[in-house]
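Student: Here is my input, please return the structure:
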Amino acid sequence: MLARHFEPAAPNQAWAGDVTYIATNEGWSYLAVLIDLFSRRVVGWAMSQAKDTELALTALKRAIDTRRRVPRGLVHHTDRGSPYASADYHAELV
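Tutor: Have a look, this model is predicted:
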(Lines give C-alpha, C1' and ligand atoms only; values in the text may rest on other atoms or scores of the structure.)
Protein backbone atom coordinates (compact mmCIF):
# COMPACT_ATOMS: atom_id res chain seq x y z
CA MET A 1 0.00 0.00 0.00
CA LEU A 2 1.35 3.42 -0.95
CA ALA A 3 -0.21 5.25 2.03
CA ARG A 4 0.80 8.64 0.59
CA HIS A 5 4.49 7.68 0.71
CA PHE A 6 5.50 9.08 -2.67
CA GLU A 7 9.28 8.84 -2.16
CA PRO A 8 10.38 5.19 -2.15
CA ALA A 9 13.97 4.33 -1.23
CA ALA A 10 14.85 2.51 -4.46
CA PRO A 11 13.69 1.97 -8.06
CA ASN A 12 10.81 -0.38 -8.84
CA GLN A 13 9.24 -0.20 -5.40
CA ALA A 14 6.30 1.99 -6.46
CA TRP A 15 4.82 2.93 -9.81
CA ALA A 16 2.05 5.47 -10.34
CA GLY A 17 -0.11 5.77 -13.41
CA ASP A 18 -2.71 7.99 -14.96
CA VAL A 19 -4.43 8.77 -18.25
CA THR A 20 -4.63 12.25 -19.71
CA TYR A 21 -6.04 13.63 -22.93
CA ILE A 22 -4.27 15.67 -25.58
CA ALA A 23 -5.89 17.82 -28.25
CA THR A 24 -4.48 17.10 -31.70
CA ASN A 25 -5.35 18.23 -35.23
CA GLU A 26 -7.16 14.90 -35.63
CA GLY A 27 -9.19 15.13 -32.41
CA TRP A 28 -8.53 13.92 -28.88
CA SER A 29 -5.83 11.39 -28.11
CA TYR A 30 -5.33 9.71 -24.78
CA LEU A 31 -1.97 9.10 -23.11
CA ALA A 32 -1.50 6.51 -20.37
CA VAL A 33 1.73 6.77 -18.40
CA LEU A 34 3.34 4.77 -15.59
CA ILE A 35 6.21 6.39 -13.71
CA ASP A 36 8.64 5.00 -11.18
CA LEU A 37 8.15 7.16 -8.09
CA PHE A 38 11.81 6.82 -7.06
CA SER A 39 13.37 8.15 -10.27
CA ARG A 40 10.29 9.97 -11.63
CA ARG A 41 11.09 8.33 -14.96
CA VAL A 42 8.45 7.01 -17.32
CA VAL A 43 8.59 3.21 -17.28
CA GLY A 44 5.62 2.58 -19.58
CA TRP A 45 3.32 4.57 -21.82
CA ALA A 46 0.76 4.22 -24.59
CA MET A 47 -1.38 6.49 -26.77
CA SER A 48 -4.78 5.76 -28.27
CA GLN A 49 -7.90 7.38 -29.67
CA ALA A 50 -9.87 5.61 -26.91
CA LYS A 51 -9.60 5.83 -23.14
CA ASP A 52 -10.07 2.17 -22.41
CA THR A 53 -8.54 -0.85 -20.71
CA GLU A 54 -6.42 -1.69 -23.75
CA LEU A 55 -4.71 1.70 -23.50
CA ALA A 56 -3.82 1.14 -19.83
CA LEU A 57 -2.79 -2.49 -20.47
CA THR A 58 -0.42 -1.45 -23.26
CA ALA A 59 1.33 1.02 -20.95
CA LEU A 60 1.57 -1.62 -18.21
CA LYS A 61 2.92 -4.29 -20.57
CA ARG A 62 5.54 -1.86 -21.91
CA ALA A 63 6.62 -1.08 -18.35
CA ILE A 64 6.91 -4.77 -17.50
CA ASP A 65 8.76 -5.54 -20.75
CA THR A 66 11.16 -2.65 -20.18
CA ARG A 67 11.95 -3.61 -16.59
CA ARG A 68 11.93 -7.38 -17.26
CA ARG A 69 12.22 -8.29 -13.59
CA VAL A 70 9.49 -6.53 -11.69
CA PRO A 71 10.07 -7.35 -8.03
CA ARG A 72 7.40 -8.94 -5.87
CA GLY A 73 5.76 -6.34 -3.69
CA LEU A 74 5.91 -3.54 -6.26
CA VAL A 75 3.18 -1.04 -5.37
CA HIS A 76 1.08 -0.06 -8.37
CA HIS A 77 -0.97 3.09 -7.78
CA THR A 78 -3.59 4.60 -10.10
CA ASP A 79 -6.94 6.25 -9.68
CA ARG A 80 -9.98 4.01 -9.83
CA GLY A 81 -10.93 5.03 -13.35
CA SER A 82 -12.40 2.59 -15.81
CA PRO A 83 -9.13 1.82 -17.68
CA TYR A 84 -7.68 0.44 -14.44
CA ALA A 85 -10.81 -1.14 -12.94
CA SER A 86 -11.32 -3.98 -15.40
CA ALA A 87 -10.80 -7.66 -14.62
CA ASP A 88 -8.32 -7.86 -17.53
CA TYR A 89 -6.12 -5.14 -16.01
CA HIS A 90 -6.24 -6.70 -12.56
CA ALA A 91 -5.34 -10.10 -13.99
CA GLU A 92 -2.20 -8.60 -15.53
CA LEU A 93 -1.11 -7.28 -12.13
CA VAL A 94 -0.96 -10.65 -10.38
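Student: I would like the residues contacting stretch 30-37, please.
Tutor: 6-8, 11-22, 41-51, 55-56, 58-60, 63, 83 (C-beta atoms under 8 Å, 6 or more residues apart in numbering). C-betas here are computed from N, CA, C, even on glycine.
Student: out of the residues you listed, which are inside helices?
Tutor: 55, 56, 58, 59, 60, 63, 83 (DSSP state H).
Student: Could you identify the buried members of those residues?
Tutor: 55, 56, 58, 59, 60, 63, 83 (16 or more other C-beta atoms under 10 Å).
Student: Output those residues in TSV, with pLDDT and distance to residue 33 appended to each entry.
Tutor: Listed next are those as TSV, based on pLDDT from 0 to 100; distance: C-beta to C-beta, whole Å:
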residue	pLDDT	distance to residue 33
55	97	11
56	97	10
58	97	11
59	97	6
60	95	11
63	94	9
83	90	12
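Student: got those residues as CSV, with distance to residue 28 columns?
Tutor: Formatted as CSV, these follow (distance: C-beta to C-beta, whole Å):
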residue, distance to residue 28
55, 12
56, 16
58, 17
59, 17
60, 22
63, 24
83, 15
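Student: Before I go, just wanted to say thanks for your time.
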